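A.B. asks: Need coordinates for the below:
(chains A and B)
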Amino acid sequence: MKKKEKAKSQSQLGLILFRFKKNKLAYISVYVLILIALAILLAPLYMDYDKAIKQNISERFISPCWEHPFGTDLYGRDLLARVIYGGRISLFAGLAVILFSFIFGVIIGSISGYFGGWVDQILMRFIDIFMAVPTIFLAMAIVTALGATPVNLVIAFVICNIPSYSRIVRSSIMTLRNMEYVEAAKCCGTSNLRIILKHIIPNGIGPVIVTATISLGTAILSISSLGFLGLGIAPPTPEWGTLLADNRYYIRYYPYLGILPGVAIILTVMCVNFIGDGLRDALDPKMKK
Amino acid sequence: MLKYIAKRILLIIPVIIGITLFIYLLLDFAPGDPVALLLGADATQEQMDALRHELGLDQNVFIRYLNYMKQVLQGDLGASWFNSRPIMDEFLERFPNTLALAFSALFITIVFGLSFGTLAAVNQNTPLDGITLIFALLFASMPSFWFGLMLQILFALKLQWFPAMGVGTIKHMVLPAITLSLGTIANQVRMTRSSILDVIDMNYVRTARSKGASEFHVVYHHVIRNALMPVVTNWGLTFATAFGGTIISETVFSIPGISSYLINAVKVRDVPVVMGTVIIVAIIVALINLVIDLIYAVIDPRVKLGYTS
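C.D. replies: Take a look at the predicted model:
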């Protein structure tokens, strides 16, 4: 009973935080993810970039030890350094993808959902076009055309992600559009832009945030998949997908080459997914039964 | 019903035109001269001009697109720039492999997704439910290329239970299909679970229980049947996702399918092949969605009404 009273006295945001904290896995994941992000972000402070790219054939295939906690790869490069520096591209490209898809998705989705009619028809037909082909096919075509650089990779995946974001924003706005408080704002002569920014977006943003969090995991996996296929970042720049592809034929003899980078990727993506899950339950308590 | 089908089919046409035009323009703006690439460094200007004319590259891009689409409508996807093999021939040879792979993955996803999703929902909030959900999330967090590599090393190279690569027998399909289903199974489990939870508290379920029906009867006849609607519609999307995922499976297990065809073409910038594959995939995905929508309309009369009225 006491807990309930405490929750009641809190703001909307406080309530969401309160519910989020109750989900232990999600809560721990936040800290683990922050640790991973810090390790990746601050890498230049404690680890030489040279270690990740400089080849040293005399030191190839050293099993994990004190000096090389993840061992070394087929060119004698430190695998831990490669995983950490590789994370910079995977994690930050993933974040950039989500950020820009989110921005464009919210813009297109709100215009489409709020105005409806022919504006909606035209925008949604465009969205249909981009949804016609599986993401990775579309991303591959775009990367072929633009060239494989981190920026182009982000552009490719943003284009692939905009449709789903726009659809989610659109559907959540279509339900909000006819709410009484929106009608009230309209009666007061509030401008369309102000209604969208002040009334519709704050109320409809929940599901979009959840989608964004969950699709961060997907984005990280997709980016490394392209890397694995040899269509992502050009070597010798370390990237999670390319570094697994590099060592691919040696994993059967030196299992650590596959297991350790794999665990690093899974841990990161799993934290993201747990957080997304926790956020969904926290933002929409009805969903959790 | 006929009107609905016709309307639904007509809606596919602008989508196909849009996506092909987008890909065509995109590949056209790509840097690098394909003619120079094809002839090598020591080609003369005349040779290059001749080949450019032969490939039709000296025309306006929109005219080229129209000509290309005219060709496609006649069932001719052109030929590869590199080995001059007709794309349709290559495609027909490779397509069965990709289709078999995608369908096996869909099958695995449905079987495991439905059973574990139901199991989790029926045992809601028990440790079994929690473990199922955590495993679903764990699988969703794995890169499928990594999972495929691990399966290949463990079950093909070390234990030698399955062949490591290629096609031929059902055994060849097992590991690639499991790899492929990794990306879709988690979603299927969660979706099944939540749609079952939506109906499990319904009055008709309570009625069935109070009549003294066995738990199996209640779950199988009353809960699952009613909960299946959103799950079935999701199969279209699952299939499309699986189709996209064949790229990874085909690469890891060296399967000669259309995805590996596309990858090789992308690497050497073989534009007609990239175009051809993307068009075919777009058409297949559109058809699958059409079929799912039609099935949905048959199951749920409300959908049909929404269109005809």
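
A.B. asks: residues from the stretch 201-309 of chain B in reach of chain A?
C.D. replies: Neighbours of chain A within the stretch 201-309 of chain B, by C-beta under 8 Å from any C-beta of the partner chain: B:240-241, B:243-245, B:247-248, B:251, B:262-263, B:266-267, B:269, B:274, B:277-278, B:281-282, B:285-286. Heads up, the C-betas are built off the backbone N, CA and C, glycines and all.

A.B. asks: Now which of these would you call buried?
C.D. replies: B:240-241, B:243-245, B:247-248, B:251, B:262-263, B:266, B:269, B:274, B:277-278, B:281-282, B:285-286 (16 or more other C-beta atoms under 10 Å in any protein chain shown).

A.B. asks: OK, contacts around the residue of chain A found nearest chain B?
C.D. replies: Closest contact between chain A and chain B, by C-beta to the nearest C-beta, is at A:P134 (2.7 Å). By C-beta atoms under 8 Å, 6 or more residues apart in numbering or on different chains, A:P134 lies in contact with B:240-241, B:243-245, B:281, B:285.

A.B. asks: what about it, distance to A:I265?
C.D. replies: Per C-beta to C-beta, to the nearest Å, A:P134 is found 21 Å from A:I265.

A.B. asks: Please apply the same query to B:D42.
C.D. replies: For B:D42, the distance to A:I265 - C-beta to C-beta - is 45 Å.

A.B. asks: more neighbours, the two?
C.D. replies: A:I265 (23 against 6; other C-beta atoms under 10 Å in any protein chain shown).

A.B. asks: residues contacting residue 264?
C.D. replies: As the question left the chain open, I've gone with chain A. A:83, A:87, A:240.

A.B. asks: other chain: chain B
C.D. replies: Each residue near B:N264 by C-beta under 8 Å, 6+ apart is listed here: B:270, B:273.

A.B. asks: Okay, and it sits in which element?
C.D. replies: helix B:258-268 (DSSP states H and E).

A.B. asks: from the middle of its chain, how far away would the helix or strand following that helix be?
C.D. replies: Remark: after helix B:258-268, the chain's next helix or strand is helix B:271-299, criterion DSSP H and E. Averaging C-alpha positions (C-alpha atoms, centre = their mean, to the nearest Å) puts helix B:271-299 9 Å from its chain's average.

A.B. asks: re earlier: what's the pLDDT at the residue of chain A closest to chain B?
C.D. replies: Predicted confidence (pLDDT) for A:P134: 81.

A.B. asks: swap in the one 10 residues further on?
C.D. replies: At A:T144 the predicted local confidence, pLDDT, stands at 77.

A.B. asks: for the residue nearest to it when sequence neighbours are not counted, what are its contacts?
C.D. replies: What sits nearest to A:T144 in space, not counting adjacent residues and going by C-beta to C-beta, 6 or more residues apart in numbering or on different chains, is B:V266, at 4.7 Å. B:V266 makes contacts with A:140-141, A:143-144, A:231, B:274, as judged by C-beta under 8 Å, 6+ apart.

A.B. asks: now B:F29
C.D. replies: A:A145 are the contacts of B:F29 under C-beta under 8 Å, 6+ apart.

A.B. asks: and the gap between it and B:S80?
C.D. replies: Counting by C-beta to C-beta - B:F29 and B:S80 are separated by 21 Å.

A.B. asks: swap in B:L138?
C.D. replies: Note on B:L138: its distance to B:S80, by C-beta to C-beta, is 41 Å.

A.B. asks: More neighbours: which of these two?
C.D. replies: B:S80 (20 against 14).

A.B. asks: Just to check, that one is in contact with B:V271?
C.D. replies: No. Between B:S80 and B:V271 there is no contact under C-beta atoms under 8 Å: 9.6 Å.

A.B. asks: mind checking the backbone torsions on B:P256?
C.D. replies: Phi and psi for B:P256, reported as degrees, to the nearest 10, are phi -80, psi 80.

A.B. asks: How many residues are close by the nearest residue to it once chain neighbours are set aside?
C.D. replies: Closest residue to B:P256 apart from its sequence neighbours, by C-beta to C-beta, 6+ apart: B:R94 at 5.6 Å. For B:R94, the count of nearby residues is 21 (other C-beta under 10 Å).

A.B. asks: what do you get for A:A245?
C.D. replies: 20.

A.B. asks: ok, now how distant is it from A:L231?
C.D. replies: From A:A245 over to A:L231 the distance is 10 Å, taken as C-beta to C-beta.

A.B. asks: go on, B:I200?
C.D. replies: Counting by C-beta to C-beta, the gap from B:I200 to A:L231 is 45 Å.

A.B. asks: The two - which one has more neighbours?
C.D. replies: Shown here are B:I200 and A:L231; by other C-beta under 10 Å, A:L231 has more neighbours (23 against 19).

A.B. asks: What strand or helix carries the residue of the stretch 201-309 of chain B found nearest chain A?
C.D. replies: Nearest residue of the stretch 201-309 of chain B to chain A (C-beta to the nearest C-beta) works out as B:G244 at 2.7 Å. If you go by DSSP H and E, B:G244 is part of helix B:225-252.

A.B. asks: What are the buried residues along that helix?
C.D. replies: Buried, per 16+ other C-beta under 10 Å, within helix B:225-252: B:226-228, B:231, B:233-252.

A.B. asks: Quick check: closest non-adjacent residue to residue 136.
C.D. replies: Using chain A. B:G244 is the one closest to A:I136 (C-beta to C-beta, 6+ apart), at 4.6 Å.

A.B. asks: Actually, chain B is the one I wanted.
C.D. replies: Closest to B:A136 by C-beta to C-beta, 6+ apart is B:A186, at 4.1 Å.

A.B. asks: The one you found belongs to a helix?
C.D. replies: Yes. With the criterion set as DSSP: H, G, I helix; E, B strand; the rest coil, the secondary structure at B:A186 is a helix.

A.B. asks: So it is in contact with B:S144, correct?
C.D. replies: No. Look at B:A186 against B:S144 with C-beta under 8 Å: they stay out of range, at 11.5 Å.

A.B. asks: what about dumping the CA coordinates of stretch A:244-258 to PDB?
C.D. replies: What follows is stretch A:244-258, C-alpha atoms only, in PDB (Å, rounded to 0.1, in the frame of the first residue of the first chain):
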ATOM      1  CA  LEU A 244      34.500 -12.400 -37.300                       C
ATOM      2  CA  ALA A 245      34.600 -12.800 -41.100                       C
ATOM      3  CA  ASP A 246      38.400 -12.400 -41.000                       C
ATOM      4  CA  ASN A 247      38.900 -15.200 -38.600                       C
ATOM      5  CA  ARG A 248      36.100 -17.300 -40.000                       C
ATOM      6  CA  TYR A 249      38.300 -20.200 -41.200                       C
ATOM      7  CA  TYR A 250      40.400 -20.400 -38.100                       C
ATOM      8  CA  ILE A 251      37.600 -20.600 -35.500                       C
ATOM      9  CA  ARG A 252      37.500 -24.400 -35.700                       C
ATOM     10  CA  TYR A 253      41.100 -24.600 -34.600                       C
ATOM     11  CA  TYR A 254      41.100 -21.600 -32.200                       C
ATOM     12  CA  PRO A 255      37.600 -21.500 -30.800                       C
ATOM     13  CA  TYR A 256      38.300 -18.300 -28.800                       C
ATOM     14  CA  LEU A 257      38.500 -16.400 -32.100                       C
ATOM     15  CA  GLY A 258      34.800 -16.900 -32.500                       C
END
